[in-house]
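K.L.:
requesting a structural model of the entry that follows:
(2 chains)
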2 protein chains.
Amino acid sequence: MAQTPKDIAIIGSGLVGSLLGIYLKRYGHNITIFDRRPDIRTIQFSGRSINLAMSNRGWKALKEVGIDVPIKEIAIPLSRRAMHVNGTPMYFQDYGKDGEAIWSISRGLLNRRMINLAEDAGVTFRFNEKVWDIDLPQAKIFTGETEKSEWKAYQYDLVFGCDGAFSRIRHKMQRRSRFDYSQDFIDVGYKELTIPPNEDGSHKLDKHSFHIWPRGKFMLIAMPNIDGSFTCTLFMPFEGDVSFEKITTKEAAESFFKTYFPNVSQVIENLINDFFKNPTSAMVTMKCYPWTYWDKVALVGDSAHAIVPFYGQGMNAGFEDIYVLDKLIQQYGDDWEHIFTTYQKQRKPNADAIAELSYRNFMEMSSKTADPRFLLQKKIEKKFAAKYPDKWTPVYSRVTFSDNPYADALAIGDQQEAMMQKVMEMPNIEAIWDTPEVEQKMLELLSKS
Amino acid sequence: MAQTPKDIAIIGSGLVGSLLGIYLKRYGHNITIFDRRPDIRTIQFSGRSINLAMSNRGWKALKEVGIDVPIKEIAIPLSRRAMHVNGTPMYFQDYGKDGEAIWSISRGLLNRRMINLAEDAGVTFRFNEKVWDIDLPQAKIFTGETEKSEWKAYQYDLVFGCDGAFSRIRHKMQRRSRFDYSQDFIDVGYKELTIPPNEDGSHKLDKHSFHIWPRGKFMLIAMPNIDGSFTCTLFMPFEGDVSFEKITTKEAAESFFKTYFPNVSQVIENLINDFFKNPTSAMVTMKCYPWTYWDKVALVGDSAHAIVPFYGQGMNAGFEDIYVLDKLIQQYGDDWEHIFTTYQKQRKPNADAIAELSYRNFMEMSSKTADPRFLLQKKIEKKFAAKYPDKWTPVYSRVTFSDNPYADALAIGDQQEAMMQKVMEMPNIEAIWDTPEVEQKMLELLSKS
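P.N.:
Next up is the predicted model:
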């Protein structure tokens, strides 16, 4: 259906805001994107980013507006995990079948390119302009130097809040009655570290792998950049035995890296410098509802559903919001109230599902990777999935390499888990796991489900 | 331990704020209570209150500072439920043993008296002065006409946020990293209605009963006031078949009350007038953590843990906060950081437990009261508890007539429920529920637990 051009404000010039601008511009709307921060193209990156893992849902949303090709230029495909288990030589785990891959991209680089693409499409940006308040029924926004300073008012037809987990737009919606909201922080923080390139510009580690150093309660990951460097992320409890609060001196940091990550100690100077230079960031699961206000205001991306990063789906979920919203725009034309209502109803269960899956991945990594029964279960599943790919798709693949709803992935994963509980209850499972008996049991259980 | 007198601000002149003022004044502190509203002693009540049910925990906290007697003057003991089931003559259910009772008090009347008592104790009140912001590390508060107007700053040693479910003090804490927070509204709203006294000033219904008209998805309750009136509360879904949104005309309201509440139709004019005069209010469960900031700021009562009203424990839980805090003050003297840290650690699991219990009571009332199996289970429990009072204390009694921790009541209730699930699985339980076989089974299960 056709759309009447509207004056639209998008709050937030991040990945979701920029992509939404590109999508909406196609219908002839006037789009202005506000951001409280300066233009990311003109400043240094923050030192608090985790590299992005673009997967199926992200690419699909980019392809829809024809910008997947320029983005692939700054992305590196990772087809496997490289596991750095202490005391064991490094080994690989393929992600999926037939070279399925996730793509490593620097958040800063991607954001710069997305803003360029949005500008090319005709979107206007207003940087360094903080939105402090919104009149929801009027779609009027107020900007200014400080919360108490004189404010400037802008009248729009529609406002989109793409201003992240701590959204100011949502903040206003939150003060209305009957607005459900939750924010839950985990006890683990993260810190960005860098492994620089070799002198010839090549990568110091295998560049087509997602590198993981699992250490139980803490872990290091590394994802490659196109400049030969790796962006590493150290996940570790804020407090406790091995924790951010315990590492306060260069000596403590050096000993920490040498003890737990000996195979990266060649770049230990870099790691230590970054450790003290970069901030320690917190991670939150944020849920809310409703996501929209009448036919005037909608939240998209992290402002509607922020998740912990352990599934690599935050950006992908935000991009999928836009893809879904766009299909509804095509279907319902100028009926923005209907578009918004349907959008939030469709997306909310999927946002809740990926939040749950991401949180479970965190729990799994921090408490189950040392549990032999859990590892045995994973081994049985893996063997079965390899032999019967049509009967058993791992949840990870459903989430990462398909665009089936997240809610379905969660539900099917729960069914698989219930099945596996029965398998693990088989007498002497530790000894017989590799036998036809177990395989037969799984086929039986599957046929009943 | 002795305490050094401090300058203390309490935000909120409600029940919890007033009582906290009385408690703290005993240590010689200078206490100022701020409230954005006018002095409740000078204005009409809001028309949005549910009568309070003071029970064991509330009385204990009042008694500690010797004000239980003047409060009992405005309270009426209710020793039983009066059940108004449609198509059945009204019948009674005793609350507990030996005349255990909850006490009905008008919120407005109680608040007025508490403020008087606080003033008598030497507490200063500043009404009509809204706190907009707080500097947490400095314990400095800012008041003013509007959010954008010139603000006045006050410096204190300690600040207590007793400003309710939508606390401004918590609002500021909430914007800090690693602050967990959730607000969940239920789909049911409530409205205050009044049944006036008879012409001779007596009550129109039995005055020592908590009156309930259960109707499945909605329900009416009535609690007596000392002036001969009853404060009624109509709980009903906001939307749906029988809902607040459906009743928009006098005719619809009249038909609603006549159909569902025939035995109060003598006062139908009053009910209809109140229905359209009084607002429909929402109900929320609010949880957060931490509750305190260093040795400077603490949340007490609804600002720390707002619950739905279906257990009648909101005020009781807030008063118990104060009682617990006071014991820690006596123990730790001037070490406010330790007092606050211990307070929040002790109280948080109990606040979560009463939130859960209150929410379950809502679910029970709205969806289970029509379930014959549920009613049968309750019948079995009741019979057993009457015969073996030492072996089976109902959760309701633990919550209402004891001061054992809420968390224990919840845990024991869960054990009882698990037991009852096994009892309900006994073959042909509908026929044999009243037999020694069932009784024997329960004794057995209890001896194993």
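
K.L.:
for the stretch 101-250 of chain A, which residue gets nearest to chain B?
P.N.:
Here the residue of the stretch 101-250 of chain A nearest chain B is residue A:182; by Cβ to the nearest Cβ that distance is 3.5 Å. Where you see a C-beta, it was placed from the backbone N, CA and C, and this is true even at glycine.

K.L.:
relative to strand B:180-185, how tilted is the host helix or strand of that residue?
P.N.:
Using DSSP states H and E, residue A:182 maps to strand A:180-185. Counting by axes from the mean of the first three to the mean of the last three Cα atoms, to 10 degrees, strand A:180-185 lies at 160 degrees to strand B:180-185.

K.L.:
quick one on the thing from earlier: which residues touch the residue of the stretch 101-250 of chain A closest to chain B?
P.N.:
A:285-288, B:181-184 (Cβ atoms under 8 Å, 6 or more residues apart in numbering or on different chains).

K.L.:
hang on, the earlier thing: could I get the buried residue list for the strand holding residue A:182?
P.N.:
Residues A:180-185 are the ones in strand A:180-185 that count as buried (16 or more other Cβ atoms under 10 Å in any protein chain shown).

K.L.:
need the residues that contact stretch A:110-124.
P.N.:
Stretch A:110-124 is contacted by residues A:13-15, A:18-19, A:21-22, A:25-26, A:30-33, A:39-41, A:52, A:67, A:70-71, A:74, A:125 when judged by Cβ under 8 Å, 6+ apart.

K.L.:
out of those, which are buried?
P.N.:
A:13-15, A:18-19, A:21-22, A:25, A:30-33, A:40, A:52, A:67, A:71, A:74, A:125.

K.L.:
could you give the number of residues near the closest residue to residue A:252 other than its chain neighbours?
P.N.:
Nearest residue to residue A:252, sequence neighbours excluded (Cβ to Cβ, 6 or more residues apart in numbering or on different chains): residue A:246, at 7.0 Å. Residue A:246 is flanked by 13 other residues according to other Cβ atoms under 10 Å in any protein chain shown.

K.L.:
what do you get for residue A:219?
P.N.:
Number of residues near residue A:219 (other Cβ under 10 Å) recorded here: 21.

K.L.:
show me how chain A divides into domains.
P.N.:
A:7-51+A:106-182+A:286-361, A:76-103+A:187-282, A:371-448 (automatic domain parsing).

K.L.:
bridged to the residue of the stretch 101-250 of chain A closest to chain B, which residues?
P.N.:
residue A:287, residue B:182 (DSSP bridges).

K.L.:
from residue A:311, how far out is it?
P.N.:
Shown here: residue A:182 relative to residue A:311, a distance of 19 Å by Cβ to Cβ, to the nearest Å.

K.L.:
over to residue A:357?
P.N.:
Applying Cβ to Cβ to residue A:357 and residue A:311 gives a distance of 6 Å.

K.L.:
now for the two: what residues contact both?
P.N.:
Shared contacts of residue A:357 and residue A:311 (Cβ under 8 Å, 6+ apart): residue A:399.

K.L.:
average pLDDT across the strand holding residue A:182?
P.N.:
For strand A:180-185, mean pLDDT is 97.

K.L.:
and the contacts of stretch A:16-29?
P.N.:
A:3, A:5-8, A:10-11, A:31, A:33, A:35, A:61-62, A:64-65, A:67, A:111, A:114-115, A:117-118, A:121-123, A:160, A:162-163, A:300-302, A:315, A:318-319, A:321-322, A:325-326, A:329.

K.L.:
just put the domains of chain A in a markdown table and tack on distance to residue B:254.
P.N.:
Shown next, in a markdown table, are these (distance: least, Cβ to Cβ, whole Å):
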| stretch | distance to residue B:254 |
| --- | --- |
| domain A:7-51+A:106-182+A:286-361 | 28 |
| domain A:76-103+A:187-282 | 56 |
| domain A:371-448 | 45 |
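
K.L.:
return the most buried member of the ones you listed.
P.N.:
Highest mean neighbour count among the domains of chain A (mean count of other Cβ atoms under 10 Å in any protein chain shown): domain A:7-51+A:106-182+A:286-361, with a mean of 20.
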